[in-house]
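# output the structure for:
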Amino acid sequence: MASSDQTLITCEHGGNRIPPRYRGLFAGFEDLLNSHRGYDPGALVMAEDLAEALDAPLIVSTISRLLIELNRTIGHPNLYSVATRNAPEPVRQEILDQHYLPYRNQIETHIREAIAQGKRVIHLSSHSFTPELDGAIRNADIGLLYDPARAGEVELCYRWQARLKAQAPDLKVRRNYPYTGKSDGFTAYLRRCFPADRYVGIELEINQKQVLNQRRQWRAFRLQVIEALRQATTDSPD
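Residues are numbered from 1 along each chain as shown. Here you go, the predicted model:
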C-alpha cells in the first residue's frame, strides 16, 4: 500500500438490532430478523479483524437492514422492508433521518476529509451471503465486488484474488459474484461522489457457510483473507 493510501473498513449489515421505538413494527417478523435477511452473519467480525490487522478506521452499523437498508440509495424499492415500508411516512422519515443519513454521511465525510489531505481511500465494505438463494447454490467462498471501469478497483481485486488462490487454492474466489459491483449500493453511490484516482470501493462478500464452520476454521479463513489482502496491497504488481 502506498504511503498516500488510507484504508477504511465499513460494515453496513453488522447486526439485527431494532431500537425499542420501532419494535412494534416487527411483530410477526421475528424469524425474518434472525435470518440472513435481517443481517449479514460473520460480516461484523470480518470487518473488525480487517480493521485491527490493517490499523484502519472502522465504521459499522448493528441496526437491522430490515429497519432500513443502508446499502441502498434513497428511492430504491428495497430501502424499506416488508416490516417498515407501510409505516406512516413520518415514521419512515424519522428512521431515515436518525439511522440512514447519519451512518452514510459519517462515511462520506471521512472519505472527503482523507481525500482533502491528499490521500487515496481504499474502502472495504464487509458483507456475507447465504450459501443458497431461491434454490440456487452460490458457487463461491469469497466474492470481490468492484466497478470494472475503475482501474484501481480492478487491479486490487485481481491481485487479491491471485494471492488468495496462491495461499488457499481450495477456496473459490470470484469477482463480481454473487452480485455485480456496479449494482445499487453504497460503494456505487460513493463512486459518483469521488474520482477513481482517489476512491477505491470494494465490497467483500463471504459465503456464510464459512461462518458456520468450527471456530478454528472460521478464524483461519479470516486470517487467509487478511493476509492475501495485505500482500495484494504491498507487493509490486505481477
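
# which residues of the protein score low on pLDDT?
1-3, 235-238 (pLDDT under 70).

# 90 - rerun?
Per-residue confidence for the chain (pLDDT under 90) gives these ranges: 1-4, 133-136, 212-215, 234-238.

# the helix ranked longest in it: which residues count as buried?
Secondary structure of the chain per DSSP state H: the longest helix is helix 215-234. Across helix 215-234, burial judged by 16 or more other C-beta atoms under 10 Å covers 218, 221-222, 224-226, 228-233. From N, CA and C alone the C-beta is placed, and that goes for glycine too.

# where does G118 sit: helix, strand or coil?
coil (DSSP: H, G, I helix; E, B strand; the rest coil).

# that one: neighbour count?
9 (other C-beta atoms under 10 Å).

# does it touch D197 like I think?
No: at 11.7 Å, G118 does not count as touching D197 under the criterion of C-beta atoms under 8 Å.

# using CSV, write down the CA coordinates of stretch 154-172.
The C-alpha coordinates for stretch 154-172 follow below in CSV (Å, rounded to 0.1, in the frame of the first residue of the first chain):
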residue,chain,number,x,y,z
VAL,A,154,-9.8,-3.9,-11.0
GLU,A,155,-6.1,-4.1,-10.0
LEU,A,156,-6.8,-4.6,-6.3
CYS,A,157,-9.4,-7.3,-6.9
TYR,A,158,-7.3,-9.2,-9.4
ARG,A,159,-4.3,-9.1,-7.1
TRP,A,160,-6.3,-10.1,-4.0
GLN,A,161,-7.9,-13.0,-5.9
ALA,A,162,-4.4,-14.1,-7.1
ARG,A,163,-2.9,-14.0,-3.6
LEU,A,164,-5.9,-16.0,-2.2
LYS,A,165,-5.5,-18.6,-4.9
ALA,A,166,-1.8,-18.9,-4.1
GLN,A,167,-2.2,-19.4,-0.4
ALA,A,168,-5.6,-21.1,-0.2
PRO,A,169,-6.1,-22.9,-3.5
ASP,A,170,-9.2,-24.8,-2.2
LEU,A,171,-11.1,-21.5,-1.8
LYS,A,172,-13.2,-20.4,-4.7
